[in-house]
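predicted model follows, preceded by the sequence.
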Amino acid sequence: MYRRKALEIKKEILKILGEYEELSLRELDIKVNTNAKTIREQIEELEFFGKVIVVKHSKNGRNGRPYTTVHLKKKED
């Protein structure tokens, strides 16, 4: 079984975020085909380096639970 490197996962996250305006961590987890812990770790690092913006929402309209979304940081952000 091949284990992807962190850099490969980060590249894939950035590529996918480039195709969508904003995604939840769960949606990213599914699209990148990895687990939630890995997504959180990689997003944290991408946020530190100013590549993405993480938005914490207090309530989901469907189930009332808090959730987090991510989008690429634009030059004007």
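That came through, no problem.

name the helices or strands packed onto the helix or strand hosting residue 69?
Counting by DSSP states H and E, the element that carries residue 69 is strand 67-72. Applying 3 or more Cβ pairs under 8 Å, 6 or more residues apart in numbering; DSSP states H and E, one finds that strand 67-72 contacts helix 6-19, strand 23-24, helix 25-32, strand 52-57. Heads up, the C-betas are built off the backbone N, CA and C, glycines and all.

what about dumping the CA coordinates of that strand to PDB?
Provided in PDB are the C-alpha atoms of strand 67-72 (Å, rounded to 0.1, in the frame of the first residue of the first chain):
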ATOM      1  CA  TYR A  67     -18.600  23.300  11.200                       C
ATOM      2  CA  THR A  68     -15.500  24.700   9.500                       C
ATOM      3  CA  THR A  69     -14.900  25.700   5.900                       C
ATOM      4  CA  VAL A  70     -11.700  26.500   3.900                       C
ATOM      5  CA  HIS A  71     -11.000  28.600   0.900                       C
ATOM      6  CA  LEU A  72      -8.000  29.700  -1.000                       C
END
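
quick check: buried residues in it?
67, 69-70, 72 (16 or more other Cβ atoms under 10 Å).

where in this structure is pLDDT low?
Applying pLDDT under 70 to the chain flags the ranges 1, 76-77.

pull the number of nearby residues for the nearest residue to residue 12 once chain neighbours are set aside.
Distance criterion Cβ to Cβ, 6 or more residues apart in numbering; nearest residue to residue 12, sequence neighbours excluded, is residue 32 at 5.2 Å. Residues within reach of residue 32, counting by other Cβ atoms under 10 Å, total 20.

picking up where we left off before, reformat the helices and strands packed on strand 67-72 as a markdown table; add distance to residue 44.
Shown next, in a markdown table, are these (distance: least, Cβ to Cβ, whole Å):
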| stretch | distance to residue 44 |
| --- | --- |
| helix 6-19 | 11 |
| strand 23-24 | 16 |
| helix 25-32 | 11 |
| strand 52-57 | 8 |
